[in-house]
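*Asks:* Provided below are the primary sequence and the corresponding predicted coordinates.
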Amino acid sequence: MSMRIGYGFDSHAFKAGVPLVIGGLKIEHSEGLAGHSDGDVLLHAITDALLGAVSAGDIGSFFPPSDARWKNADSSIFLQTALEEIAVAGYRIVNIDTVLVLAAPKIGPIAGELRERVAELLGVKPGEVGIKAKTPEGLNQDHVAVAHATVLLESATSPEQLTAMTAAADTEDQMNAVVKTLVGDSRDVSALGRKVPAFDTDDLT
Ligand SMILES: C[C@@](CO)(OP(=O)(O)O)[C@H](O)COP(=O)(O)OP(=O)(O)OC[C@H]1O[C@@H](n2ccc(N)nc2=O)[C@H](O)[C@@H]1O
């Protein structure tokens, strides 16, 4: 069985007047996180960990901050694309682990809820998601939220099986069935669809 690891990191500054969204959860707080998207620092780090695990580039190569389409975007869209990338590569998640570094709000009291939400978005069990938090002691970063994420993947199927299944899939429904086989039935994959290529191959010389 083939296994892969991935690591992701992100940071966003706190900003007044916007809702705080971390791990797909709206959290009651005086400030939210600034960003081109909804600023969900945790989902961005997990997205990069997943993409990195299958060498598929990074969140910015799929969803450039310069692209108006991603203004205020729900970051679960980015995560769904990364999940599709790992499924197409023939992998599924074994577990993920994360660290949030932020002065406030306190994550401990909502860690269970966060674990459940992130697990739901990833289509895994809450016990396969680690959520930890640190205060940025000595870092002088009280107005910034930082997230680190690691992910372990295992091969979902043999490359031969995958090639045969993909070759036999003529319609979008059949392709969705292939993706479902690869990632399991625990989440709806009907909305999945490759948004943009990871890299513009025309740029390659
Ligand atoms: C999620 C989004 C949605 O638009 O925006 P935010 O909500 O974070 O603002 C973006 O995907 C958020 O992309 P993110 O990857 O964090 O942005 P940046 O750090 O500015 O990097 C943008 C792109 O530049 C590349 N890059 C960045 C820095 C660097 N020294 N060299 C690079 O080549 C990265 O690989 C990435 O592909």
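*Replies:* In hand now; what should we look at? Residues are numbered from 1 along each chain as shown.

*Asks:* other SSEs contacting the longest strand that the chain contains?
*Replies:* Taking DSSP state E as the assignment, the strand of the chain that covers the most residues is strand 3-16. With contacts defined as 3 or more CB pairs under 8 Å, 6 or more residues apart in numbering; DSSP states H and E, the secondary structure elements packing on strand 3-16 are strand 31-33, helix 41-53, strand 144-155. Where you see a C-beta, it was placed from the backbone N, CA and C, and this is true even at glycine.

*Asks:* what residue is smack in the middle of the chain?
*Replies:* Nearest to the centroid of the C-alpha atoms of the chain, with distances taken as CA atoms, centre = their mean, sits Thr47, at 2.6 Å.

*Asks:* Distance check, that one against Ser37.
*Replies:* As defined by CB to CB, to the nearest Å, Thr47 lies at a distance of 11 Å from Ser37.

*Asks:* what is in contact with these two at once?
*Replies:* Common neighbours of Thr47 and Ser37, counting by CB atoms under 8 Å, 6 or more residues apart in numbering, are Ser75, Phe78.

*Asks:* wait, Asp40 sits on Ala34?
*Replies:* No - if you go by CB atoms under 8 Å, Asp40 and Ala34 don't touch, sitting 11.8 Å apart.

*Asks:* neighbour-wise, which of the two wins?
*Replies:* When Asp40 and Ala34 are compared on other CB atoms under 10 Å, the one with more neighbours turns out to be Asp40, at 29 against 16.

*Asks:* Phi and psi next, for the more buried one.
*Replies:* With angles defined as degrees, to the nearest 10, Asp40 sits at phi -70, psi 90.

*Asks:* Can you give me every residue that contacts the nearest residue to it once chain neighbours are set aside?
*Replies:* Leaving aside its chain neighbours, Asp40 sits nearest to Ser75 (3.8 Å; criterion: CB to CB, 6 or more residues apart in numbering). Residues touching Ser75, when contacts are defined by CB under 8 Å, 6+ apart, comprise Val21, Gly24, Ser37, Asp38, Gly39, Asp40, Leu43, His44, Thr47.

*Asks:* for the record, mean pLDDT for stretch 55-67?
*Replies:* Confidence over stretch 55-67 (mean pLDDT, whole number) is 95.

*Asks:* next one: stretch 175-186
*Replies:* If you average the pLDDT values across stretch 175-186, you get 61.

*Asks:* Pretty sure Pro136 sits against Val144.
*Replies:* Yes - between Pro136 and Val144 there is a contact under CB under 8 Å: 7.4 Å.

*Asks:* Up against the ligand, what does the protein have?
*Replies:* Taking CB under 6 Å from any ligand atom as the contact definition, the chain meets the ligand at Gly35, His36, Ser37, Gly39, His44, Asp58, Ile59, Gly60, Ser61, Phe63, Pro65, Trp70.
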